[in-house]
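Chemist: Generate a structure from the sequence data that follows.
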Amino acid sequence: MSSAAVGTVRLSQRWEWASHQAIGFLMAQAVDNPQVLSLAAGLVDPLSLPIAETRQAFEHLWADPVRARHALQYGTTAGSGQLRHRVAEHFARLEGVEFSQLGLRPEQLVLTTGSQQLLSLVGEILVDPGDIVLVAAPTYFAYLGTLQGLGAQIVPIATDAGGMRIDALEQTFARLHQQGDLARVRFVYSVSYYENPSGISLAAERRGELVRLAREWSREHRIFVLEDAAYRELRYDGPELPSLWSCDPSRQQVIYAQTFSKSFSPGLRVGCGILPVELVRPVCDRKGNEDFGSSNFSQHLLTQVFEQGLYQPHVAQVQEAYRAKRDAMLAAADRYFRGLPGVTWVRPHGGLYVWMTLPESTATGFDSPLFQVAVKEEQVMYVPGELCYAGPQEGRQRNQMRLSYGVQDLPGIDEGMRRLANAVAKVLR
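Modeler: Residues are numbered from 1 along each chain as shown. Modelled structure (predicted):
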């Protein structure tokens with residue numbers, strides 16, 4: 001029996017753009033080295049997951065067969081009307097106003113499978129290969145991978161202790177205009193609260209300026225601001241900052257993305273987007289092609305969480321737990337790294353990460369001596385900072401690390417930092 005030739009597999013250009021992402025390597029390292037203490041994983045604290053609250057919401061939902069059947073049926077592309085109403089009320093509370101004062105139409109709020117899906121959908125409807133997206137340097141490396149998968153040209157904007165520098169953003173707009181490339185700029189991406197990876201929030205006085213620049217340079221088409229507020233509710237101290245969305249009186253310049261993965265449960269995979277009117281249908285059209293709507297069951301469950309008053313008390317517990325973890329990591333940094341020359345770190349007011357900078361001559365990448373010593377000898381893992389920069393490899397800062405305090409308990413944080421300091425000390429010798 002002869003076999004017909006099957007030929008080679010031909011994959012798409014978009015797969016090629018999206019291949020070789022760092023997240024896969026990090027996961028493989030964790031699997032291959034199970035004894036390694038991870039300060040890399042950006043997961044939430046397992047002990048903070050809302051078991052009792054979810055059980056109570058589930059039992060209440062299941063007590064009514066009509067509601068239970070609705071939860072088990074298909075939903076709608078834009079999401080459950082009940083949950084969208086609850087989320088709209090919640091967003092208004094975060095903004096410090098009544099919903100009627102937001103200037104929003106109900107249809108502008110769309111529920112997604114975590115905020116990552118919303119970020120991806122925005123890229124898909126706005127970005128063609130070769131289009132330009134402006135991002136902070138550093139920024140959320142998983143979204144850099146998403147943009148690369150769309151064939152975007154990602155342009156980094158310099159940052160400092162106040163986040164993205166407005167002067168650098170304005171200079172970039174002017175340069176792109178002079179080069180004839182302004183028409184290719186689609187949006188500015190900003191993690192506005194306790195940024196992954198740096199832990200830095202965009203300074204209050206820069207928020208309105210960022211939105212203003214996007215509006216002023218919208219000369220050939222509208223340049224949006226994509227606000228990623230994933231960590232907004234993980235605030236432990238420091239100033240209470242306005243959203244970028246609130247700095248847009250037109251309500252048509254800023255796309256707002258938030259998730260309940262960090263504040264409640266990532267397993268439910270519920271996020272939301274607040275969209276300018278003109279983007280509602282394009283996002284829903286694209287979303288409908290992908291999933292006909294995110295998990296209807298998860299949305300009904302989260303509705304019960306809100307209706308029974310379970311959400312806000314849980315957020316308070318999460319904030320308390322992470323505040324203790326952040327303080328433990330900062331105390332360990334003071335204890336173990338203080339004597340190492342040229343080592344500095346950011347003290348964040350919220351979020352899940354501490355951003356550490358080593359002397360310029362000390363690389364932290366996967367192929368660096370430090371990474372090998374850390375994983376193989378000291379059995380501790382971190383995220384190399386260079387992954388969080390866009391642009392050519394040779395232009396990236398290579399001496400930084402993202403350290404997460406999300407997964408480890410307090411003793412684990414202290415031990416992980418001790419091991420990491422030992423690794424750094426060995427390389428600095």
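Chemist: C-alpha only now, for contacts and for neighbours.
Modeler: Will do.
Chemist: Output the below-cut-off pLDDT ranges for this structure.
Modeler: 1-5, 19-33 (pLDDT under 70).
Chemist: How is it partitioned into domains?
Modeler: 13-49+314-428, 51-311 (automatic domain parsing).
Chemist: gap between the two ends of the shortest one?
Modeler: Looking back up the chat, that one is domain 13-49+314-428. End-to-end distance for domain 13-49+314-428, by Cα to Cα, to the nearest Å: 42 Å.
Chemist: just the strands in this protein please.
Modeler: Per DSSP state E, the chain carries strands over the ranges 37-38, 109-112, 132-137, 153-160, 163-164, 185-191, 224-228, 254-259, 271-274, 344-345, 353-357, 380-381, 383-384, 400-404.
Chemist: Reformat those strands as CSV; add mean neighbour count and distance to residue 198.
Modeler: Shown next, in CSV, are the strands of the chain (neighbours: other Cα atoms under 10 Å; distance: least, Cα to Cα, whole Å):
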stretch, mean neighbour count, distance to residue 198
strand 37-38, 24, 18
strand 109-112, 27, 26
strand 132-137, 23, 10
strand 153-160, 19, 10
strand 163-164, 28, 9
strand 185-191, 24, 10
strand 224-228, 24, 14
strand 254-259, 26, 18
strand 271-274, 25, 22
strand 344-345, 18, 9
strand 353-357, 23, 5
strand 380-381, 28, 17
strand 383-384, 24, 12
strand 400-404, 27, 7
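Chemist: Those: which one's closest to residue 199?
Modeler: When those are compared by Cα to Cα, strand 353-357 sits nearest residue 199, at 5.6 Å.
Chemist: partner strands of the closest one, parallel or antiparallel?
Modeler: Sheet pairing of strand 353-357 (DSSP bridges) gives strand 344-345 (antiparallel), strand 400-404 (antiparallel).
Chemist: what's the distance between it and the middle of its chain?
Modeler: Relative to its parent chain, strand 353-357 has a centroid offset of 16 Å by Cα atoms, centre = their mean, to the nearest Å.
Chemist: if we can go back for a sec, mind putting the strands of the chain into JSON lines with distance to residue 75?
Modeler: Shown next, in JSON lines, are the strands of the chain (distance: least, Cα to Cα, whole Å):
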{"stretch": "strand 37-38", "distance to residue 75": "38"}
{"stretch": "strand 109-112", "distance to residue 75": "11"}
{"stretch": "strand 132-137", "distance to residue 75": "33"}
{"stretch": "strand 153-160", "distance to residue 75": "35"}
{"stretch": "strand 163-164", "distance to residue 75": "39"}
{"stretch": "strand 185-191", "distance to residue 75": "30"}
{"stretch": "strand 224-228", "distance to residue 75": "25"}
{"stretch": "strand 254-259", "distance to residue 75": "19"}
{"stretch": "strand 271-274", "distance to residue 75": "15"}
{"stretch": "strand 344-345", "distance to residue 75": "45"}
{"stretch": "strand 353-357", "distance to residue 75": "35"}
{"stretch": "strand 380-381", "distance to residue 75": "41"}
{"stretch": "strand 383-384", "distance to residue 75": "38"}
{"stretch": "strand 400-404", "distance to residue 75": "36"}
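Chemist: For residue 336, find the nearest of these.
Modeler: strand 344-345 (11.9 Å).
Chemist: Determine how far the closest one lies from the middle of the whole chain.
Modeler: 22 Å.
Chemist: Likewise for stretch 372-391?
Modeler: Worked out by Cα atoms, centre = their mean, stretch 372-391 lies 19 Å from the chain centre.
Chemist: Compute the first-to-last residue distance for it.
Modeler: Counting by Cα to Cα, you get 25 Å between the two ends of stretch 372-391.
Chemist: ok so, going back, between the domains of the chain, which gets nearest to residue 6?
Modeler: Nearest of those to residue 6, taken as Cα to Cα: domain 13-49+314-428 at 21.0 Å.
Chemist: Ok, which of the strands of the chain comes nearest residue 235?
Modeler: strand 353-357 (12.2 Å).
Chemist: related to what we said a few turns ago, now tabulate the domains of the chain in a markdown table and tack on distance to residue 7.
Modeler: As requested, the domains of the chain are arranged in a markdown table below (distance: least, Cα to Cα, whole Å):
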| stretch | distance to residue 7 |
| --- | --- |
| domain 13-49+314-428 | 18 |
| domain 51-311 | 26 |
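Chemist: Including distance to residue 357, could the strands paired with strand 353-357 go into TSV?
Modeler: Formatted as TSV, the strands paired with strand 353-357 follow (distance: least, Cα to Cα, whole Å):
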stretch	distance to residue 357
strand 344-345	5
strand 400-404	4
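Chemist: For stretch 365-378, buried residues please.
Modeler: Buried residues in stretch 365-378, defined by neighbour count with 16 or more other Cα atoms under 10 Å: 365-366, 369-375, 378.
Chemist: Contacts for that stretch, please.
Modeler: Stretch 365-378 is contacted from outside by 33, 36, 362-364, 380-381, 384-386, 398, 419-420, 422-424, 427, using Cα atoms under 8 Å, 6 or more residues apart in numbering.
Chemist: Span of that stretch from start to end?
Modeler: 16 Å.
Chemist: how distant is it from the center of its chain?
Modeler: Counting by Cα atoms, centre = their mean, stretch 365-378 comes out at 26 Å from the chain centroid.
Chemist: now swap in stretch 167-183 and tell me
Modeler: Using Cα atoms, centre = their mean, the offset of stretch 167-183 from its chain centre is 26 Å.
Chemist: Go through that stretch and flag the buried ones.
Modeler: Going by neighbour count (16+ other Cα under 10 Å), the buried part of stretch 167-183 is 169-170, 172-173, 176-177, 182-183.
Chemist: With stretch 402-414 instead?
Modeler: 402-410, 412-414.
Chemist: Same question for stretch 212-226.
Modeler: 213-215, 217-218, 222-226.
Chemist: name the helices or strands packed onto the biggest helix by length in the chain?
Modeler: Looking only at the chain and at elements set by DSSP state H, the helix with the highest residue count is helix 311-337. Secondary-structure packing of helix 311-337 (3 or more Cα pairs under 8 Å, 6 or more residues apart in numbering; DSSP states H and E): strand 353-357, helix 410-428.
Chemist: want to throw those into CSV with distance to residue 290?
Modeler: Converted to CSV, the helices and strands packed on helix 311-337 look like this (distance: least, Cα to Cα, whole Å):
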stretch, distance to residue 290
strand 353-357, 32
helix 410-428, 39
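Chemist: Out of these, flag the one nearest residue 347.
Modeler: strand 353-357 (6.8 Å).
Chemist: contacts for the closest one?
Modeler: By Cα under 8 Å, 6+ apart, the residues outside strand 353-357 that reach it are 196-199, 326, 329-330, 342-348, 399-406.
Chemist: ok, now with 10 Å
Modeler: 39-40, 42, 194-200, 326, 329-330, 333, 342-348, 364, 383-385, 397-406 (Cα atoms under 10 Å, 6 or more residues apart in numbering).
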